[in-house]
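Student: Pasted the sequence and its predicted model underneath.
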Amino acid sequence: MRERGTYLPHVKRADAACEASREAPLRVAQCKQGYGIALGYKGFGYKLQKRNDMKAVAKGRHRAKRNLARVRTNGAAKLPRAEKDGVAATGDFDLRCGYVPFARQLEFRNSVAKYRLFGGAAGPGKTNALLFEAIRQAHLYGNEKPVDTLLLRRTFPELEASLVAYFRRDVPRDCYASYNDSKHIVTWLNGSTTRFGHCAHENDIYQYQGAEYLFIGIDELTHFTLKMWQFLTSRNRCPAPNSVPCMAGATNPGNIGHAWVKALWIDRRAPAGMDRPDQYDAKDYAFTRATLKDNPIYADDAQYRRTLEALPTHLRRAFLDGEWDVFAGQYFDVFDRARHTPRAEEIPFEPWWPRWLSIDWGFEHPSAVLWHTASPNGTVITYREFVQNHLSPRMLAAAIAERSAGERISSVYLSPDAFAQRTADDTIAAQLGRGLELEGLPRPDPADDDRVGGWMLMYELLAQDRWIVTQNCAGLIESLPVLTRDEANIEDVLKYEGDDVADAARYGLKSRMEPGRMPLALRNAERITAVDATSRAIWMRKLEAEARRGAGTHGVPAPRRWRL
Ligand SMILES: Nc1ncnc2c1ncn2[C@@H]1O[C@H](COP(=O)(O)OP(=O)(O)O)[C@@H](O)[C@H]1O
Ligand SMILES: [Mg+2]
């Protein structure tokens, strides 16, 4: 197998040495390691001979002449691929497009990991590096068989303004055979292609179902979901002999995909929601971290630097230094590990402090349980967590009891959906409640599910140092900094795979400290005693109609358990 980039320096020298025009029949150049001879026609394929092997030179010369004749009669698209030494061609491309990779871009290019990430600050040349990587890959293995490559951005306007714009600006017309403007597909001179694509909605990703791509590059990877990434990995294969399919992302920290991208490349572990997490192999993932300093154009631009330095602290840390713990769109930008996450041993727990639990129920998704207490000065301390999926309500109750041994728990707040969700003839809440009661713990109350109010309360408590989370609550500490604002509802937090433990925290704080009014559906559910589904549905509709008329709710006492 050919090693990537082995011949690149020689080829560059060869190219620089010969000012051959497109029409020049042959090019001969001297390499450091003896004579290297570049044969062929600029743009139409040439081959670098490593040694001064006259037989090979003659063969190459013959092929080059034949190719020129073919190009003249059929056009460049019909050029046989066998002539193209991809590595050499790439060197050619870089020079012809005026692309001389910066040191950090070269580091990214030279990484041989299956999944690469070029991440960090704004402006080090991540998008550009990705574009030229796709071009390089399209020429690396196209010798025997043309290969397809794909470059993606989440939305079409973003795609046009970045990757497509750079392609139009930087890649000269004579470097490719054609560009299909409506399909956004470039066909290179060796027949390989690069497709510029986007997928605004999660299901748009299936438009790539039928295809195979040797290389898939995703710009602003954190705008994509883990599901999209996983699907694309299944499209990353190539029938060309000796080819090594690979993928790469370029991104700033932040946004919806922040958590899974950070898990795969920064924390080096399988993210929540990953299919077959046991198959995660850290060796497949390589991260090239770049900061603004890595792009000399911007590093020397005092004006641009000043603009970035004027940003609020957390954005500055993300955009200037490529910090992964802070980023634009982050909800809990006040969360500071140093300030909010003491070690449990530092807390002088007293047995008489009030203690309560909050639970976000899940079966396929994990159930997340948090234990909270409040010190006499009113600081809430979340001091234990338990997160696990595939536990029945009974098993969950037993696991909670085991961990609460010797503690007096005053209340348990459970996600409201568990009061509506039924298995056999009972709700999850009732089954869990029986289990907890058997263990001497209180039955659960429906948690206050006011999302916006809950997140705001958590934010305020953190800002005022009135809520701390002990270091053993690893899941919660990990998820708080990655929660982002929902652009559709800027006051809310965007849901993401793995946010269960943050939801549990919200239930625990909001239900205890600022209990709101129970949602109508829940209030009604508690008032209906009928067990069979049809009667329940009839009653539910009746009560909803009453509520709409504004009648019927008078005189009905609020459920006992809702009162604190
Ligand atoms: N190797 C390079 N040589 C010259 N200009 C470059 C190089 N890499 C990037 N640039 C230019 O720097 C600017 C920022 O690059 P870009 O790829 O958009 O950065 P990022 O995606 O990291 O924000 C662009 O105008 C780009 O063309
Ligand atoms: Mg970019």
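Tutor: The structure has been received and is ready for your questions. Numbering: from 1, shown residues only. Ligands and ions are numbered 1, 2, ... in the order given.
Student: residue contacts, whichever residue of the stretch 251-400 of the chain sits closest to ligand 2?
Tutor: Closest residue of the stretch 251-400 of the chain to ligand 2, Cβ to the ion: Asn252 (7.6 Å). Quick note: C-beta positions are derived from backbone N, CA and C, even for glycine. Contact analysis of Asn252 by Cβ atoms under 8 Å, 6 or more residues apart in numbering lists Gly119, Gly120, Ala121, Ala122, Glu220, Thr222, Ala318, Phe319, Gly322, Phe327, Ala328.
Student: Neighbours of the residue of the chain found nearest ligand 2, how many?
Tutor: Here the residue of the chain nearest ligand 2 is Thr127; by Cβ to the ion that distance is 3.3 Å. Using other Cβ atoms under 10 Å, Thr127 has 21 neighbouring residues.
Student: again, but for Ala282
Tutor: A count of nearby residues for Ala282, using other Cβ under 10 Å, gives 13.
Student: Name the SS class of the nearest residue in space to it that is not next to it in sequence, please.
Tutor: Using Cβ to Cβ, 6 or more residues apart in numbering and skipping residues adjacent in sequence, the residue nearest Ala282 is Arg268, 4.5 Å away. What DSSP: H, G, I helix; E, B strand; the rest coil gives for Arg268 is coil.
Student: which stretches of the stretch 251-400 of the chain aren't confidently modelled?
Tutor: Filtered on pLDDT under 70, the stretch 251-400 of the chain yields the residue ranges 312-315, 326-328.
Student: repeat that with 80
Tutor: 254-256, 297-301, 304-305, 307-323, 325-330, 333, 336-338 (pLDDT under 80).
Student: lowest confidence element among the helices and strands of this structure?
Tutor: In the chain, no helix or strand scores lower on mean pLDDT, DSSP states H and E than strand 29-30, which sits at a mean of 28.
Student: residues touching Trp371, list them.
Tutor: By Cβ under 8 Å, 6+ apart, Trp371 lies in contact with Arg355, Trp356, Leu357, Thr382, Tyr383, Arg384, Glu385, Arg403, Ser404, Glu407, Ile409.
Student: and these, which are buried?
Tutor: For the contacts of Trp371, a burial check counting by 16 or more other Cβ atoms under 10 Å picks out Arg355, Trp356, Leu357, Thr382, Tyr383, Arg384, Glu385, Ser404, Ile409.
Student: Nearest to Trp467 among those residues?
Tutor: Thr382 (7.3 Å; Cβ to Cβ).
Student: Contact residues of this protein facing ligand 2?
Tutor: With Cβ under 5 Å from the ion as the criterion, the chain meets ligand 2 at residues Lys126, Thr127.
Student: The chain against ligand 1: which residues are in contact?
Tutor: Residues of the chain lying close to ligand 1 (Cβ under 6 Å from any ligand atom) are 99-102, 105, 122-128, 166, 295, 297.
Student: Tell me the one among those nearest to Pro376.
Tutor: For the residues of the chain next to ligand 1, the nearest to Pro376 is Ala122 (46.1 Å; Cβ to Cβ).
Student: isn't that closest one right up against Leu292?
Tutor: Yes. Between Ala122 and Leu292 there is a contact under Cβ atoms under 8 Å: 6.9 Å.
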